[in-house]
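*Asks:* Whatever this is, show me its structure:
(4 chains)
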There are 4 protein chains.
Amino acid sequence: MVVDGHDLELRLRRIEGQVRGIARMVDEGAYCIDVLTQIVAADQALRAAGVLLLDQHLRGCVVAAAQEGGAVADHRIDEASQAIARLVRG
Amino acid sequence: MVVDGHDLELRLRRIEGQVRGIARMVDEGAYCIDVLTQIVAADQALRAAGVLLLDQHLRGCVVAAAQEGGAVADHRIDEASQAIARLVRG
Amino acid sequence: MVVDGHDLELRLRRIEGQVRGIARMVDEGAYCIDVLTQIVAADQALRAAGVLLLDQHLRGCVVAAAQEGGAVADHRIDEASQAIARLVRG
Amino acid sequence: MVVDGHDLELRLRRIEGQVRGIARMVDEGAYCIDVLTQIVAADQALRAAGVLLLDQHLRGCVVAAAQEGGAVADHRIDEASQAIARLVRG
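*Replies:* Predicted coordinates:
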């Protein structure tokens, strides 16, 4: 599926801003535990974006492929499973 | 410890660029599995930055506090452990 | 899908044995970094089992539901997405 | 540090029991999403055990080594950082 990504793009723009803010904190000599707290928050937001994307992929590509059946469906499921494995391993 | 963060800041600037690139991919209608691959890469880079920061924290604050001993050392270890727990939970 | 779980069950039996071995290491006073190395290995095996299970679920329930379409398909995808989210968050 | 592991050993015994229960669920043909929910719970418990162990390691080995200083302290911090990195990567 091509991502119908308005919500996803907004989230990514927000994460980009979070990461820019963290770089600035480091530049300004923030306390390391405070920096780490922000890194964890950005990481959670990024993983949530990955989960949202997978959800869209399942609803889009995988369902469409399943309805067609055959080798395309198998290929789409392979792709989705490999993507899940990479996301779970982090 | 205040982060002596030249390497860390460079990494964060690079991650900021990665996330901006991912938002652009979404905007341009990239295939969702390709987007997800880039999200996983940015996530790994962000977690590696968190690990680097914890390493600096252990070498800096925790070692210094341990040498002083007492309640400050306990507090620093508590902080570090809680930070590790948050980072591990993702 | 009901899990057709011969491979999965074998993996879980192996993980059970790994965790029993780790408890024994602790009982015998092993060095903590060695214990941690084994905990990470068991954790990776458990997450891999979760990914295998999700893969089977996608190939089984989700594909079958997609072919039927309608509310059941939506429900199956919801379930799968929520499961992926829980697994990714760890 | 050698693990002073009564609490840790109890946790590991409980996780061993959880994993045995999951293998039995699979054997009895449980619904895959229910199995996955239990895998996620066992995984969280295992990671929490890893975090507890790291906490003990910091309070024990790392603090002791920091108080001695020198190459041993550096080595202990290296070990701890590498262990954190492996646990964070999952």
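
*Asks:* roughly how far out does the worst-scoring helix or strand of chain A on mean pLDDT sit from the chain middle?
*Replies:* Ranking every helix and strand in chain A by mean pLDDT, DSSP states H and E puts helix A:63-68 at the bottom, with a mean of 80. Taking Cα atoms, centre = their mean, to the nearest Å, the mean C-alpha location of helix A:63-68 is offset from the chain mean by 23 Å.

*Asks:* is chain B contacted by it?
*Replies:* No - no part of helix A:63-68 sits close enough to chain B to count as contact by Cβ under 8 Å from any Cβ of the partner chain; the gap is at least 12.3 Å. The C-beta positions use only the backbone N, C-alpha and C, and glycine is treated the same way.

*Asks:* Report the next helix or strand after that helix in sequence order.
*Replies:* helix A:70-89 (DSSP states H and E).

*Asks:* Remind me what that next one packs against, helices and strands.
*Replies:* In this structure, helix A:70-89 packs against helix A:32-57, helix A:63-68, helix B:32-57, helix C:32-57, helix C:70-89, with contacts taken as 3 or more Cβ pairs under 8 Å, 6 or more residues apart in numbering or on different chains; DSSP states H and E.

*Asks:* Mind putting those into CSV with distance to C:Ile22 and mean neighbour count?
*Replies:* Rendered in CSV, the data for those read as follows (distance: least, Cβ to Cβ, whole Å; neighbours: other Cβ atoms under 10 Å in any protein chain shown):
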stretch, distance to C:Ile22, mean neighbour count
helix A:32-57, 27, 22
helix A:63-68, 40, 18
helix B:32-57, 23, 22
helix C:32-57, 5, 22
helix C:70-89, 22, 18
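
*Asks:* If you average pLDDT over each of the ones you listed, which is lowest?
*Replies:* Between the helices and strands packed on helix A:70-89, the lowest average pLDDT goes to helix A:63-68, which shows a mean of 80.

*Asks:* quick revisit: what lies in contact with the least confident helix or strand of chain A?
*Replies:* A:1, A:72-73, A:75-77, C:62-63, C:66-67, C:69, C:73, C:77 (Cβ atoms under 8 Å, 6 or more residues apart in numbering or on different chains).

*Asks:* Does the host helix or strand of A:Val19 reach chain B?
*Replies:* Assigned by DSSP H and E, A:Val19 falls within helix A:6-27. Yes - under the criterion of Cβ under 8 Å from any Cβ, helix A:6-27 makes contact with chain B via A:8-9, A:12-13, A:15-16, A:19-20, A:22-23, A:26-27.

*Asks:* By neighbour count, which of these wins?
*Replies:* Neighbour counts for the residues of helix A:6-27 next to chain B were taken using other Cβ atoms under 10 Å in any protein chain shown; the highest belongs to A:Val19, which has 30 neighbours.

*Asks:* Looks like that one contacts B:Asp43 (just checking).
*Replies:* No - checked against Cβ atoms under 8 Å, the pair A:Val19 and B:Asp43 is beyond contact range at 11.5 Å.

*Asks:* Indicate the residue of chain A located nearest to chain C.
*Replies:* Closest approach of chain A to chain C (Cβ to the nearest Cβ) occurs at A:Ala66, with a separation of 3.6 Å.

*Asks:* Surely A:Arg20 touches B:Glu16?
*Replies:* Yes - using Cβ under 8 Å, A:Arg20 makes contact with B:Glu16 at a distance of 5.0 Å.

*Asks:* And the residue nearest the centre of chain A?
*Replies:* For chain A, the residue lying nearest the average C-alpha position, counting by Cα atoms, centre = their mean, turns out to be A:Gly50 (1.9 Å).

*Asks:* May I have the least confident helix or strand of chain A as CSV, with CA atoms only?
*Replies:* What follows is the C-alpha trace of helix A:63-68 in CSV, where atoms were taken according to Å, rounded to 0.1, in the frame of the first residue of the first chain:
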residue,chain,number,x,y,z
VAL,A,63,-6.3,-7.5,3.0
ALA,A,64,-6.3,-6.7,-0.7
ALA,A,65,-3.7,-9.3,-1.5
ALA,A,66,-5.5,-11.9,0.6
GLN,A,67,-8.7,-11.3,-1.4
GLU,A,68,-6.7,-11.9,-4.6
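
*Asks:* any bit of stretch A:13-32 sitting next to chain D?
*Replies:* No - taking Cβ under 8 Å from any Cβ as the criterion, stretch A:13-32 and chain D are apart, separated by no less than 13.6 Å.

*Asks:* That stretch vs chain C: in contact?
*Replies:* No - judged by Cβ under 8 Å from any Cβ, stretch A:13-32 stays clear of chain C, getting no closer than 15.6 Å.

*Asks:* Tabulate the CA atom coordinates of that stretch in PDB.
*Replies:* Output in PDB follows, covering the C-alpha atoms of stretch A:13-32 (Å, rounded to 0.1, in the frame of the first residue of the first chain):
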ATOM      1  CA  ARG A  13       7.000  16.000  11.800                       C
ATOM      2  CA  ARG A  14       6.400  16.100  15.600                       C
ATOM      3  CA  ILE A  15       9.100  13.500  16.200                       C
ATOM      4  CA  GLU A  16      11.500  15.400  14.000                       C
ATOM      5  CA  GLY A  17      10.800  18.400  16.300                       C
ATOM      6  CA  GLN A  18      11.300  16.300  19.400                       C
ATOM      7  CA  VAL A  19      14.700  15.100  18.200                       C
ATOM      8  CA  ARG A  20      15.700  18.600  17.200                       C
ATOM      9  CA  GLY A  21      14.800  19.700  20.800                       C
ATOM     10  CA  ILE A  22      16.900  16.900  22.300                       C
ATOM     11  CA  ALA A  23      19.900  17.900  20.200                       C
ATOM     12  CA  ARG A  24      19.400  21.500  21.500                       C
ATOM     13  CA  MET A  25      19.200  20.200  25.100                       C
ATOM     14  CA  VAL A  26      22.500  18.400  24.600                       C
ATOM     15  CA  ASP A  27      24.100  21.500  23.100                       C
ATOM     16  CA  GLU A  28      22.900  23.600  26.100                       C
ATOM     17  CA  GLY A  29      24.400  21.100  28.600                       C
ATOM     18  CA  ALA A  30      21.200  19.600  30.000                       C
ATOM     19  CA  TYR A  31      21.400  16.900  32.700                       C
ATOM     20  CA  CYS A  32      21.900  13.500  31.100                       C
END
